[in-house]
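J.: Sequence first, predicted coordinates after that:
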Amino acid sequence: MSACCSRCGVPAIISKTHRWENGCIVNRASGNANFSIYEAAFHNGLFEELERSMWSFIHRMVYIAGRIAAAGIARNLFSAHPAVQKLMFRTPLYRRTQESLILFARAIGMGKIELIEHRMGKKGAVRVTNPFHLAHCTAVILGGLDVMYGFPAAFTARAEGESYVGELVVGRRDDVASDEAYLRLASEKLLPSATGGKWSLPTCSRCGTPRELGELFRFDLSEGVIEERATGDRHIFYGHQSLNAILREFERELGPEVGDFFLQAEKDNFAAKLASGAVGTGLWDEDVLRGYLAIRGMGFLSRMEDEGGRTLFEVRNVFTPTVMVGRLAALWEHVKGKPSRQAYRTEGNTLRMELTSS
């Protein structure tokens, strides 16, 4: 099997394990809505700002939430059947499984991850170069190890030139195993609902992924980088589970109003991207906006009404509401040229939002 589709350039391991449906990027085995395609700079800018004031808490949350999310994705990546999962992560098949997991991590933009060596239960080491975010990338690697060993594996890391080398501490459980947050932030099922109707994204005739995916993004498997062709901006397949877990823990520690901080950060970031001309005002067309959101796995736009000084949106299968609300508010202000007032609510995974002039 070729590493990437010869027609659209999308990595084969993505098309083999995921499909685009109902506005989501869905794992074929589990049916979970796993990812949205997201700007790495948006993620890093937000967390770098938070780290300046609350480093230990943020680092811990990214580490724990990313690890739990990665373990859930790794466990179900190829099969949802427990017996098959157990077989794939045990001798003698674990070598092939770990190669596939490393390839998958590169395919979703985590960085250049290289296996130095691994002998089950004896030793293990990886090298990571140009990670999109070191703590998050480390969490992704550890999530796979946790599934392979059946418990949170202990791991050390050190800088080595421009890379980082992580080594398995054989036979030792990571202290995270007793962390209340680790026990509390168990992975949730994020199952999208059918949207009905006949709308779908045009697909590549060879691999079945959205035809526009390879036109919008360049996948560099050798370096583990996804680049938006129009801007050169680095993107990642960002796990819904990870951001959801981080937001839940933030709200628990700091109160529900913390969601407004994430929403405003998303709005400001997307407003800057709109102002740069990287995304055109053509997004205000309902069909164009529906495609934009669906190809990125952010949800399915089922309703858009713009009349009488107000705009109504209904988006189904929204698993990160702060991202959706922030982007729609920024788009409204970009098109209308004035500040907005937004009111929104979620019912299940459906977001309903009204925008008017402030």
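T.: Yep, that arrived. In this text the structure is predicted, and so the values were computed from the model without any measurement.

J.: what ranges do the strands span in the stretch 151-300 of the chain?
T.: 153-160, 163-173, 217-220, 225-228, 234-239, 300-307 (DSSP state E, counting those that start in this stretch).

J.: buried residues in stretch 274-293?
T.: By 16 or more other Cβ atoms under 10 Å, the buried positions in stretch 274-293 come out as 274, 279, 283, 284, 289, 290, 291, 292, 293. Yep, even glycine has a C-beta here, placed from its N, CA and C like the rest.

J.: Find out how far that stretch is from the centre of the chain, if you would.
T.: Distance, stretch centre to chain centre, for stretch 274-293: 21 Å (Cα atoms, centre = their mean, to the nearest Å).

J.: likewise stretch 70-87?
T.: Going by Cα atoms, centre = their mean, where stretch 70-87 is centred and where its chain is centred differ by 18 Å.

J.: Just the residues contacting that stretch, thanks.
T.: Residues from elsewhere that reach stretch 70-87, judged by Cβ atoms under 8 Å, 6 or more residues apart in numbering: 17, 27, 29-32, 34, 88, 93, 97, 100-101, 104, 139-144, 146-147, 187, 239, 241-242.

J.: Mind checking the pLDDT average for it?
T.: Stretch 70-87 comes out with an average pLDDT of 85.

J.: That stretch spans what distance, first to last residue?
T.: Distance between the boundary residues of stretch 70-87 (Cα to Cα, to the nearest Å) amounts to 19 Å.

J.: Now it: buried residues?
T.: 70, 71, 72, 73, 74, 75, 76, 77, 78, 79, 85.

J.: State the pair within those that is farthest apart.
T.: Farthest pair in these (Cβ to Cβ) is 70 and 79. Separation: 16.9 Å.

J.: quick check: longest helix of this protein.
T.: Longest helix in the chain, counting residues (DSSP state H): helix 40-76.

J.: the inter-axis angle of that one versus strand 234-239?
T.: Counting by axes from the mean of the first three to the mean of the last three Cα atoms, to 10 degrees, helix 40-76 points 40 degrees away from the direction of strand 234-239.

J.: The stretch 151-300 of the chain: helices as residue ranges?
T.: For the stretch 151-300 of the chain, the helices defined by DSSP state H, counting those that start in this stretch occupy 180-184, 213-216, 240-254, 258-275, 286-295.

J.: which regions of the chain sit below the pLDDT cut-off?
T.: Applying pLDDT under 70 to the chain flags residues 1, 55, 177-179, 181-188, 280-281.

J.: Nearest the middle, which residue of it would you pick?
T.: By Cα atoms, centre = their mean, the chain has its centre lying nearest to residue 238, at 1.2 Å.

J.: residues touching that one, list them.
T.: Residue 238 neighbours (Cβ under 8 Å, 6+ apart): 35, 36, 37, 38, 43.

J.: Please report how far it lies from residue 290.
T.: 20 Å (Cβ to Cβ, to the nearest Å).

J.: follow-up on the earlier one: okay, the helices of the stretch 151-300 of the chain in CSV with distance to residue 301 next?
T.: Putting these into CSV (distance: least, Cβ to Cβ, whole Å) gives the following:
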stretch, distance to residue 301
helix 180-184, 33
helix 213-216, 18
helix 240-254, 17
helix 258-275, 16
helix 286-295, 4
